[in-house]
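J.: any chance you could fold what I've pasted below:
(one chain, ligands or ions: 1)
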Amino acid sequence: MRIDVITIFPEYLAPLELSLIGRARRDGLLDLHVHDLREWTHDRHRTVDDAPLGGGAGMVMKPEPWAEAFAAVRRAGQQDLGEGVEPLIVFPNPAGQPFTQSTAQEWSQCEWLVLACGRYEGIDERVYEHLADIGAEVALASLGDYVLNGGEVAVLAITEAVVRLVPGVVGNAESLVEESHSEGLLEYPLYTRPARWEDPAGVVREAPQILLSGDHGRIAAWRREQSVERTRRRRPDLLGDEAR
Ligand SMILES: N#Cc1c(-c2ccc3ccn(Cc4cccnc4)c3c2)n[nH]c1N
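T.: Okay, here's the model as predicted:
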């Protein structure tokens, strides 16, 4: 998988050099390129924003740098992947479609993602119109119903959620199956040694005995029940009407 990130804060993406994603890059499972949008400005102040036409608070990102950036990133990516390959261009956006585990599953199948980090109040609408007119595949995605200052935090989350699903990135693929949201349910409660733990308040806390039984069939059934019950309690919205 190739991912190109376009941002005015490239250093914000430094965490993508660490841990699982960093190893995926070193293993050749992820080819990540981070680009500074200001590379496509031509004035001495490297201007990427201006006041909103029609007035209003804040600043709006200018269309010219974005259009030049997308064209350059597309050329570079096609030199790498082949002329006929086109990226999915993702804009984190508070007005976007909710980014969910099924979105991550879907995008983990993509050969090439271009992740565009807006800032200020957002990006000039004509950039989206331009991309649509040249036939680009574009998605607007939101992490959730809260306000961030820009797209970089969302790109970190989207990149981790998507890339961890790429075959070979997570060592034990089985661990991907039973996670929260992987099957539309919350994960069951987890326990490890010691099976009997006296907490700092002197309370003895035993792990569920079923987990020590060695009966993997009963353990699997218990875990499923726990997942359904936990989902019903915490996230009934994830369950169909009949299961609520
Ligand atoms: N994904 C996602 C997001 C964002 C988000 C993403 C990109 C940008 C570019 C600018 N802002 C600031 C801004 C704030 C308010 C209105 N409009 C713009 C962004 C916020 N906020 N919340 C999310 N879940």
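J.: OK, contacts around Asn149?
T.: With contacts taken as CB atoms under 8 Å, 6 or more residues apart in numbering, Asn149 has the following neighbours: Arg119. Heads up, the C-betas are built off the backbone N, CA and C, glycines and all.
J.: ignore what I typed, I meant Ala24.
T.: With contacts defined as CB under 8 Å, 6+ apart, Ala24 is in contact with Leu30, Val163, Val166, Gly168, Val169.
J.: could you redo the last one with a cut-off of 10 Å?
T.: Neighbour list for Ala24: Met1, Leu16, Leu30, Asp31, Leu32, Thr159, Val163, Arg164, Val166, Gly168, Val169, Val170 [criterion: CB atoms under 10 Å, 6 or more residues apart in numbering].
J.: how about Ile123?
T.: Contacts here follow CB under 10 Å, 6+ apart; on that basis Ile123 touches 48-49, 60-63, 65-66, 91, 93, 116-117, 151.
J.: which residue is nearest the centroid of the protein?
T.: Taking CA atoms, centre = their mean, the centroid of the chain lies closest to Ile158, which sits 0.9 Å from it.
J.: name the SS class of that residue, please.
T.: Each residue gets one of three states, and Ile158 gets helix by DSSP: H, G, I helix; E, B strand; the rest coil.
J.: same question for Ile6.
T.: Under three-state DSSP, Ile6 falls in the strand class.
J.: try Val169
T.: Val169 - assigned by three-state DSSP - is coil.
J.: relative to the ligand, how far out is it?
T.: Taking CB to the nearest ligand atom, to the nearest Å as the measure, Val169 falls 22 Å from the ligand.
J.: test my guess that that residue contacts Arg26.
T.: No. Distance between Val169 and Arg26: 11.4 Å, which falls outside the contact criterion (CB atoms under 10 Å).
J.: those two: which has the busier surroundings?
T.: Each of Val169 and Arg26 had its neighbours counted (other CB atoms under 10 Å), and the higher figure belongs to Val169 (20 against 10).
J.: thinking again about what came up before, between all of the contacts of Ala24, which two are separated the most?
T.: With distance counted by CB to CB, no two of those lie farther apart than Asp31 and Val170, which are 18.1 Å apart.
J.: returning to that earlier point: the contacts of Ile123: which ones sit near the ligand?
T.: Residues shared between those and the neighbourhood of the ligand are Asn93, Gly151 [CB under 6 Å from any ligand atom].
J.: in TSV: the contacts of Ile123, plus neighbour count and secondary structure.
T.: Below are the contacts of Ile123 laid out as TSV (neighbours: other CB atoms under 10 Å; DSSP: H, G, I helix; E, B strand; the rest coil):
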residue	neighbour count	secondary structure
Val48	23	coil
Asp49	17	strand
Val60	19	strand
Met61	23	strand
Lys62	18	coil
Pro63	17	helix
Pro65	23	helix
Trp66	24	helix
Phe91	25	strand
Asn93	19	strand
Ala116	27	strand
Cys117	26	coil
Gly151	29	coil
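J.: could you pick out the buried ones from the contacts of Ala24?
T.: Neighbour counting over these (16 or more other CB atoms under 10 Å) leaves Met1, Leu16, Leu30, Leu32, Thr159, Val163, Arg164, Val169, Val170 as the buried ones.
J.: so what pLDDT did the first one get?
T.: The predicted local confidence for Met1 comes out at a pLDDT of 98.
J.: is it true that it touches Leu113?
T.: Yes. In terms of CB under 10 Å, Met1 counts as a neighbour of Leu113; the distance is 7.2 Å.
J.: isn't Ser175 up against Val169?
T.: No. When contacts are counted by CB under 10 Å, Ser175 is not listed as touching Val169 (11.5 Å).
J.: many thanks, have a good one.
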